[in-house]
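A.B. asks: return atomic coordinates for the entry below.
(one chain, ligands or ions: 1)
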Amino acid sequence: MSNLVVVGAQWGDEGKGKVVDFLANTAQVVVRFQGGPNAGHTVYWRSKKYTFHQIPSGLLHRQTRGVIGCGCVIDPYRLNEELAVLSAGRESFFRRVMIDRRAHIILPFHKELDRLHEEQLGEKKIGTTGQGIGPAYQDKFARVGIRAGDLLNEDVFNDKLRRNVAAANFRLMECYKVEPISFKELSTALWKTTRPLVAMIGDGTLFIEKALRGGKRVLFEGAQGTHLDIDLGSYPFVTTSSTVVAGAASGSGISPLWLEEAVGVAKAYTTRVGAGPFPSELPEEEAGRLRELGGEYGATTGRPRRCGWFDAGLVRASVRYNHLSSLILTKLDVLDSFAEIKICVGYRYQGQRLKEFDPFFAQELEPEFITLPGWRESTKTSRSYKDLPLRARRYIAKIADLISCPVALVSVGSSREEIVPVEKEKLKWLK
Ligand code: IMP
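C.D. replies: Sure thing, here's the model as predicted:
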């Protein structure tokens, strides 16, 4: 296989950063196709922690080139910071990343509007990351957004920005009763901030297509997770982009007919940040143990994540939406000390049994659990399937059975080496 799409199969934070870093070992191109700095993909390499927000996380491998695809939204201030941190002491990341000129720009007032809207929603808030993602996509779909390509011409840029600022000021003053922003100040600051990025702007769609035609290995890196997808997720508690495999094509600007394989990433349990349904969520006393053992705090916001047992109905739906041919299960080691481990195997809804999570009825779903005995020994040093404790193997087999999808790999720690092949042959990318 010469291309692979990696998507989150839960509500984000599944450990896609580590997985993409592992799989990018043989990739030549890594593409981010949606979202923006709401993502925080963590990679540990040579005892150092790297957090990727907008840059594809496979780029620690020097042979890779990265594309921030047309489906993304970019915060230029944060991108500059990220590039500076990543480039420190290493060869420049600026030369290895292309920004598709169609990608939209997050403006500072998008962040403010994000915050004010959440405040206005009060108890009903989504719990966004506050990065201005929703308002930036709103402008994109309202057909007034500023795109990366607009940063190449000062007149075009200023013309669009002037109209955007006028519209934003109307909202800021009329809806939220706050101070307007100054076009002049913003225009000067933004123009200056975006200069280092100009050389990176190009036609990502052509670059990716050329790589695919040339038989290069291309990895498409999803952000957030399937159940945060704008169409298929637990709406309205979702992000504003297409986080599923379908989004990999539109967000990269290539035909979906190019895509060959899709793998999902899921944690061995479930977490969620922000509001919204979560059938297998644990009460706080019990969630706290998983949170501490798993270090479940947001990579972007530092917020504590809500925690619960593995929800097979949730991941089963992801297998279907994304046509996953295999799953990578992460953070199995976090469960090492548990005497008993539960799995949500389905739900009761109005007297009926549902095998698959359905966001429409999410608030009324009563989770049904099975309990498996824990293995109570460390899996951290396991490097082959038979190294894993028998009960851990049974846990993995049960999950594969419940979601009707093979588990190709299991991750038992944060470093690249801490990976155990299960049904590795099911992930053709690795052949
Ligand atoms: P937004 O993407 O910042 O608008 O946030 C919308 C919802 O998606 C909120 O519930 C966020 O917590 C969630 N979300 C956004 N990005 C991530 C992520 O990278 N991991 C987990 N949840 C996320």
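
A.B. asks: going by C-alpha atoms from here, please, whenever you check contacts or count neighbours.
C.D. replies: Will do.

A.B. asks: tell me the pLDDT at L59?
C.D. replies: The model reports L59 with a pLDDT of 94.

A.B. asks: is it true that it lies in a helix?
C.D. replies: Yes: under DSSP: H, G, I helix; E, B strand; the rest coil, L59 sits within a helix.

A.B. asks: mind checking the pLDDT average for the helix ranked longest in the chain?
C.D. replies: Ranked by residue count under DSSP state H, the longest helix found in the chain is helix 154-170. Helix 154-170 carries an average pLDDT of 96.

A.B. asks: again, but for stretch 191-198
C.D. replies: Stretch 191-198 shows an average pLDDT of 96 in the prediction.

A.B. asks: residues contacting that stretch, please?
C.D. replies: For stretch 191-198, contacts defined as Cα atoms under 8 Å, 6 or more residues apart in numbering pick out 76-77, 80, 94, 151-152, 154.

A.B. asks: next SSE after the longest helix of the chain?
C.D. replies: helix 183-194 (DSSP states H and E).

A.B. asks: quick one, helices of this structure?
C.D. replies: Read by DSSP H, the chain holds these helices, from start to end of the chain: 16-23, 76-87, 108-121, 133-141, 154-170, 183-194, 204-213, 245-250, 284-294, 312-322, 390-403.

A.B. asks: export these to CSV and tack on mean neighbour count and distance to G8?
C.D. replies: Shown next, in CSV, are those (neighbours: other Cα atoms under 10 Å; distance: least, Cα to Cα, whole Å):
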stretch, mean neighbour count, distance to G8
helix 16-23, 24, 7
helix 76-87, 16, 22
helix 108-121, 17, 24
helix 133-141, 20, 18
helix 154-170, 16, 33
helix 183-194, 14, 31
helix 204-213, 17, 22
helix 245-250, 23, 10
helix 284-294, 15, 17
helix 312-322, 23, 8
helix 390-403, 18, 15
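
A.B. asks: a markdown table for those helices, including distance to the ligand?
C.D. replies: As requested, those are exported to a markdown table (distance: least, Cα to the nearest ligand atom, whole Å):
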| stretch | distance to the ligand |
| --- | --- |
| helix 16-23 | 10 |
| helix 76-87 | 14 |
| helix 108-121 | 8 |
| helix 133-141 | 5 |
| helix 154-170 | 18 |
| helix 183-194 | 22 |
| helix 204-213 | 23 |
| helix 245-250 | 15 |
| helix 284-294 | 14 |
| helix 312-322 | 15 |
| helix 390-403 | 22 |
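
A.B. asks: check the contacts of stretch 191-198 and tell me the two furthest apart.
C.D. replies: Using Cα to Cα, the contacts of stretch 191-198 reach their maximum pairwise distance at F94 and E154, which is 21.7 Å.

A.B. asks: now could you export just the CA positions of the longest helix of the chain as PDB?
C.D. replies: Taking only C-alpha atoms (Å, rounded to 0.1, in the frame of the first residue of the first chain), the coordinates of helix 154-170 have been written out as PDB:
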ATOM      1  CA  GLU A 154      -1.000  43.000   0.300                       C
ATOM      2  CA  ASP A 155      -3.900  44.700  -1.500                       C
ATOM      3  CA  VAL A 156      -6.000  41.600  -1.700                       C
ATOM      4  CA  PHE A 157      -5.200  40.800   1.900                       C
ATOM      5  CA  ASN A 158      -6.100  44.300   3.200                       C
ATOM      6  CA  ASP A 159      -9.200  44.400   1.200                       C
ATOM      7  CA  LYS A 160     -10.500  41.100   2.600                       C
ATOM      8  CA  LEU A 161      -9.300  41.900   6.100                       C
ATOM      9  CA  ARG A 162     -11.100  45.300   6.100                       C
ATOM     10  CA  ARG A 163     -14.400  43.600   5.300                       C
ATOM     11  CA  ASN A 164     -13.800  40.900   7.800                       C
ATOM     12  CA  VAL A 165     -13.000  43.300  10.600                       C
ATOM     13  CA  ALA A 166     -16.100  45.300   9.800                       C
ATOM     14  CA  ALA A 167     -18.300  42.200  10.100                       C
ATOM     15  CA  ALA A 168     -16.500  41.000  13.200                       C
ATOM     16  CA  ASN A 169     -16.800  44.400  14.900                       C
ATOM     17  CA  PHE A 170     -20.500  44.400  14.200                       C
END
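
A.B. asks: by pLDDT, rank the contacts of stretch 191-198 and give me the bottom one.
C.D. replies: Comparing pLDDT over the contacts of stretch 191-198, the lowest reading goes to F94, 81.

A.B. asks: from the contacts of stretch 191-198, which is closest to L327?
C.D. replies: Top of the list for closeness to L327, among those and by Cα to Cα, is F94 at 32.5 Å.
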